[in-house]
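Asker: pasting a predicted model and its sequence here:
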Amino acid sequence: MNVVEFKEVIKTYTSGDHVLNALDGINLALEEGKFIVILGPSGAGKSTLLNMLGGLDSPTSGTITVNGKDISKLSSDELAEYRAETVGFVFQFYNLIPTLTVYENVALINEIAKNPIPADKMLDEVGLLSHKNNFPSELSGGEQQRVSIARALAKNPKIILCDEPTGALDSGTGVMVLKLLLDMAKNYNKTIVIVTHNQNIAKMADVVIRVKNGKILSCEEQKEPAAIDEIEW
């Protein structure tokens, strides 16, 4: 079953006389419960694509349907509600609030989500319950990213959007974070979409989407994705 559908989506940015189509007629369908990787060089349009799906921006034209609902023409308030209920975000640089403890960073979701998973449960899932009273500055980069994943999942969204989630981590820590994302997707039946330039991450994906110059070059389903320990990182 398709959880997301893009139909003829165009996103245009204008600066003076210069017009840029960051997305140029995107047609795409994403299935529920899949691990999806969007690959492409810098400026290809992959982050714009993620922002459209996350309700952080709206298309210039075309439609984006999520769970049967067209989000492309929602108001700012409606998009905020969509982000609160439907999508969780994992960013490259964690975006934790430094003045809040680990527990408070995750429990903050309770204020916006209608059906959140308890913060203690999610911190236990990512192996950081014993660090609940620490502040982000007292954690390693990998630990902070695990808190970010716990926060995204605590919202209990249908879709997890990840923008270069291992980009700021060393190889070993990045692999650990990816394994955690895969395990969480399986345990909680989430659709995970990762934007990256890392070809190795693509080997693990159910679906690999290649983007260049605002267009989709290919959308390939991998029948037998590689296991994470089979990949030479």
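Answerer: Structure received.

Asker: residues of the helix or strand containing Leu182 that come out buried?
Answerer: Here Leu182 sits within helix 171-188, counting by DSSP states H and E. Neighbour counts over helix 171-188 (16 or more other Cβ atoms under 10 Å) mark Thr173, Gly174, Val175, Met176, Val177, Leu178, Leu180, Leu181, Leu182, Met184, Ala185, Tyr188 as buried. For every residue, glycine as well, the C-beta is placed using N, CA and C.

Asker: how far out from the middle of the chain is it?
Answerer: 13 Å (Cα atoms, centre = their mean, to the nearest Å).

Asker: let me see the contact set for the spatially most central residue of the chain.
Answerer: For the chain, the residue whose C-alpha lies nearest the mean C-alpha position (Cα atoms, centre = their mean) is Leu161; its distance is 1.1 Å. Residues in contact with Leu161 (Cβ atoms under 8 Å, 6 or more residues apart in numbering) are Leu50, Leu53, Gly54, Val87, Gly88, Phe89, Val90, Val193, Val195.

Asker: let's see 10 Å
Answerer: Counting by Cβ atoms under 10 Å, 6 or more residues apart in numbering, Leu161 makes contact with 50-51, 53-56, 83, 87-91, 152, 191-195.

Asker: next one: Asp24
Answerer: Here Asp24 is in contact with Glu8, Val9, Ile10, Lys11, Thr12, Gly45, Asn213, Gly214, Lys215, Ile216 (Cβ under 10 Å, 6+ apart).

Asker: rewinding a little: closest to Gly33 out of the buried residues of helix 171-188?
Answerer: Ala185 (7.6 Å; Cβ to Cβ).

Asker: the nearest residue to that closest one once chain neighbours are set aside and Gly25, how far apart?
Answerer: Here the nearest residue to Ala185 in space, its sequence neighbours aside, is Ile192; by Cβ to Cβ, 6 or more residues apart in numbering that works out to 4.7 Å. From Ile192 across to Gly25, the span is 25 Å (Cβ to Cβ, to the nearest Å).

Asker: out of these two, which sits in the busier spot?
Answerer: More crowded of Ile192 and Gly25, by other Cβ atoms under 10 Å: Ile192, with 24 against 15.

Asker: what residues are up against the more buried one?
Answerer: Ile192 neighbours (Cβ under 10 Å, 6+ apart): 33-37, 88, 90, 152, 159-162, 165, 181-182, 184-186, 205-206.

Asker: may I have the beta-bridge partners of it?
Answerer: Under DSSP bridges, the beta-bridge partners of Ile192 are Phe35, Ile160.

Asker: if I look at it, how far off is Glu164?
Answerer: As judged by Cβ to Cβ, Ile192 and Glu164 stand 14 Å apart.

Asker: give me the helices and strands touching the worst-scoring helix or strand of the chain on mean pLDDT, please.
Answerer: One helix or strand of the chain scores below all others by mean pLDDT, DSSP states H and E: helix 171-188, with a mean of 83. The elements that helix 171-188 packs onto, with contact taken as 3 or more Cβ pairs under 10 Å, 6 or more residues apart in numbering; DSSP states H and E, are strand 35-39, helix 119-125, helix 141-154, strand 159-163, strand 191-196, helix 199-203.

Asker: reformat these as TSV; add mean pLDDT.
Answerer: Formatted as TSV, those follow (pLDDT from 0 to 100):
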stretch	mean pLDDT
strand 35-39	94
helix 119-125	93
helix 141-154	92
strand 159-163	93
strand 191-196	93
helix 199-203	91
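
Asker: out of those, which comes closest to Ile109?
Answerer: Once the helices and strands packed on helix 171-188 are compared by Cβ to Cβ, helix 141-154 is nearest, at 4.6 Å.

Asker: CA atoms only: put that closest one into PDB for me.
Answerer: Output in PDB follows, covering the C-alpha atoms of helix 141-154 (Å, rounded to 0.1, in the frame of the first residue of the first chain):
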ATOM      1  CA  GLY A 141      27.900  12.300  18.800                       C
ATOM      2  CA  GLY A 142      26.500   8.800  18.400                       C
ATOM      3  CA  GLU A 143      24.600   9.000  21.700                       C
ATOM      4  CA  GLN A 144      23.100  12.400  20.700                       C
ATOM      5  CA  GLN A 145      21.900  10.900  17.400                       C
ATOM      6  CA  ARG A 146      20.400   8.000  19.300                       C
ATOM      7  CA  VAL A 147      18.500  10.500  21.400                       C
ATOM      8  CA  SER A 148      17.300  12.200  18.200                       C
ATOM      9  CA  ILE A 149      16.000   8.900  16.900                       C
ATOM     10  CA  ALA A 150      14.300   8.200  20.200                       C
ATOM     11  CA  ARG A 151      12.600  11.600  20.000                       C
ATOM     12  CA  ALA A 152      11.500  11.100  16.400                       C
ATOM     13  CA  LEU A 153      10.000   7.700  17.200                       C
ATOM     14  CA  ALA A 154       8.400   8.900  20.500                       C
END
